[in-house]
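*Asks:* Fold the stuff below for me.
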Amino acid sequence: MKIYTIYGRNYDSNVFLVTGENITVIDAGTGLFGDYMIKEIKRILGKNDLKQIILTHEHFDHVGGIKNIINSFNKNINILAHPYAAEKIESGKSMFAKMLGAKMPNIKIDIKLDGKDIVKIGDNDFEVIHTPGHTPGSICLYDRFGKNLFSGDTVFSHGSFGRYDFPGGDGKTLRRSIELLSKLDVENIYPGHETIVEGDGNRHMDLCMKNTEYLK
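*Replies:* Predicted coordinates for the structure are as follows:
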């Protein structure tokens with residue numbers, strides 16, 4: 001299993017491609033730089049095909065590019081998200097998308113993921129952790145074997161964390177979610193924005209927990 005990072009441009013989220021038995025894309029950006037993203041995915045995959053796309057939450061900067069991916073690869077790709085995120089995505093409504101002159105994709109979510117679910121990504125089993133606070137539909141994905149955490153917009157590198165001033169966000173709820181994540185043994189953090197962390201994830205998680213003190 002190998003994890004590739006396609007860093008987001010402008011408003012885009014980072015997009016992660018995980019190779020192995022169950023080839024997976026995590027998050028899809030806005031789609032405004034879709035040609036660049038698709039080119040990178042194709043370069044890495046070669047003749048292999050995608051099996052699934054997992055969305056860490058419902059915000060347009062993470063889901064807007066999903067139709068580009070589906071149309072460029074296997075149209076039978078499974079789309080996975082939290083039930084709350086699924087409801088928002090399937091409605092096709094986003095004020096943020098309108099502000100950018102874009103359109104929220106209204107696509108069907110095939111598999112609804114909640115806390116305690118297990119999903120195979122690449123070659124490893126990842127635990128689905130419901131982490132509301134940034135949005136009600138936020139999830140993180142944790143691999144105990146490889147100590148990898150896909151943290152969406154809940155936790156970023158260097159102790160920063162997601163905003164909670166958007167509709168549905170809540171600071172105290174976000175702190176509880178970060179506290180839950182801080183109990184994990186994490187080496188590598190793959191966040192929705194900013195740089196990835198490989199090798200000393202626990203230090204970044206501890207710093208993030210300290211930085212949430214004012215959210216009590």
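
*Asks:* only C-alpha atoms for contact and neighbour calcs from this point on.
*Replies:* Noted.

*Asks:* now the strands for this structure?
*Replies:* With DSSP state E, the ranges of strands along the chain come out as 2-6, 15-19, 24-26, 52-54, 78-81, 111-112, 118-121, 124-130, 139-143, 148-152, 188-191, 197-198.

*Asks:* For the fourth one, give me every contacting residue.
*Replies:* Applying CA atoms under 8 Å, 6 or more residues apart in numbering, the contact partners of strand 52-54 are 22-27, 77-81.

*Asks:* of those, closest to Y7?
*Replies:* D27 (11.2 Å; CA to CA).

*Asks:* pLDDT at the closest one, what is it?
*Replies:* On pLDDT, D27 comes in at 98.

*Asks:* And K98, by the same measure?
*Replies:* 76.

*Asks:* What is the neighbour count of it?
*Replies:* When neighbours are defined as other CA atoms under 10 Å, K98 has 12 of them.

*Asks:* all helices for this structure, in order.
*Replies:* 34-45, 60-63, 66-72, 83-91, 95-99, 171-182, 201-211 (DSSP state H).

*Asks:* Which stretch among the ones you listed approaches F156 most closely?
*Replies:* Using CA to CA, the helices of the chain put helix 201-211 closest to F156, at 8.1 Å.

*Asks:* Residues contacting the closest one from elsewhere in the structure, which ones?
*Replies:* 155, 157-161, 175, 178-179, 181-182, 185-189.

*Asks:* if we can go back for a sec, including neighbour count and distance to K2, could the contacts of strand 52-54 go into TSV?
*Replies:* Compiled in TSV, these are given as follows (neighbours: other CA atoms under 10 Å; distance: CA to CA, whole Å):
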residue	neighbour count	distance to K2
N22	18	11
I23	21	10
T24	23	11
V25	25	12
I26	26	13
D27	27	16
I77	17	20
N78	17	20
I79	21	21
L80	21	20
A81	25	22
